[in-house]
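Q: coords please:
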Amino acid sequence: MTQHRLVLLRHAKAEHGGAVDHDRPLALVGRRQASAVGTALAEAGLAPGSVLCSSALRTRQTWELVRTALTASGAAAPVVAVTDELYDAGASDVVSLVRGVPDDVGTVLVVGHEPTVSHVAAALAGPASDDAAVARVRTGVPTGAWSVLEVDGSWSDLAAGSARLTGVATP
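A: Next up is the predicted model:
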């Protein structure tokens, strides 16, 4: 049985106010967070083969800084889809997008927003999940946090309770 990994990343810290929400850029601390996330993902062997990224400026900037750190570690360039669907997505929308990823992709990274990334992690977490990680996603995660889920079988079979939430980390 094929094992896949799903990494759900909340965008890094964004500037407050002054712009339409979709167009808010990362704050300086957010830039540092995103670079640290990329380094941590590389060190953990979590370089994605596919990236699903919200079209919001802060998520695109988060991905670009994560990508830079991954590339510096020698990771191959993933297939990237920037989509408006993830901006206002609910948990079921995210799961539907992930279900469409080809099975030859071992690791998928979703760069999105709260509370959706937490809701997806909580919904997918099955009985073999780490209890502390499940408790953490049920209360929400801070900017720059990522959750790792292991999925046995096909991406197209992804459903509530079908994955193992193995951890939640912050930069």
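Q: tell me which stretches of this protein form helices.
A: 28-43, 57-72, 91-99, 116-124, 131-138 (DSSP state H).
Q: what are the buried residues along the last one?
A: Judged by neighbour count (16 or more other C-beta atoms under 10 Å), helix 131-138 contains these buried residues: 133-134, 136-137. In this view, the C-beta of every residue, glycine as well, is placed from N, C-alpha and C.
Q: now swap in the fourth one and tell me
A: In terms of neighbour count (16+ other C-beta under 10 Å), helix 116-124 has its buried residues at 116-124.
Q: chain center to that helix, what's the gap?
A: Mean C-alpha position of helix 116-124 versus that of the full chain (C-alpha atoms, centre = their mean, to the nearest Å) differs by 10 Å.
Q: that helix packs against which elements?
A: Helix 116-124 is packed against strand 3-10, helix 91-99, helix 131-138, strand 146-152, strand 163-169, with contacts defined by 3 or more C-beta pairs under 8 Å, 6 or more residues apart in numbering; DSSP states H and E.
Q: list the contacts for residue 114?
A: 10, 140-141 (C-beta atoms under 8 Å, 6 or more residues apart in numbering).
Q: just residue 46 next, same as before
A: 5, 7, 107, 109, 148.
Q: need the winner for burial among the helices of the chain.
A: Mean neighbours per residue, mean count of other C-beta atoms under 10 Å, is largest over those for helix 116-124, with a mean of 23.
Q: picking up where we left off before, now tabulate the helices of the chain in JSON lines and tack on mean pLDDT and distance to residue 80.
A: Shown next, in JSON lines, are those (pLDDT from 0 to 100; distance: least, C-beta to C-beta, whole Å):
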{"stretch": "helix 28-43", "mean pLDDT": "97", "distance to residue 80": "14"}
{"stretch": "helix 57-72", "mean pLDDT": "97", "distance to residue 80": "7"}
{"stretch": "helix 91-99", "mean pLDDT": "97", "distance to residue 80": "13"}
{"stretch": "helix 116-124", "mean pLDDT": "98", "distance to residue 80": "18"}
{"stretch": "helix 131-138", "mean pLDDT": "98", "distance to residue 80": "25"}
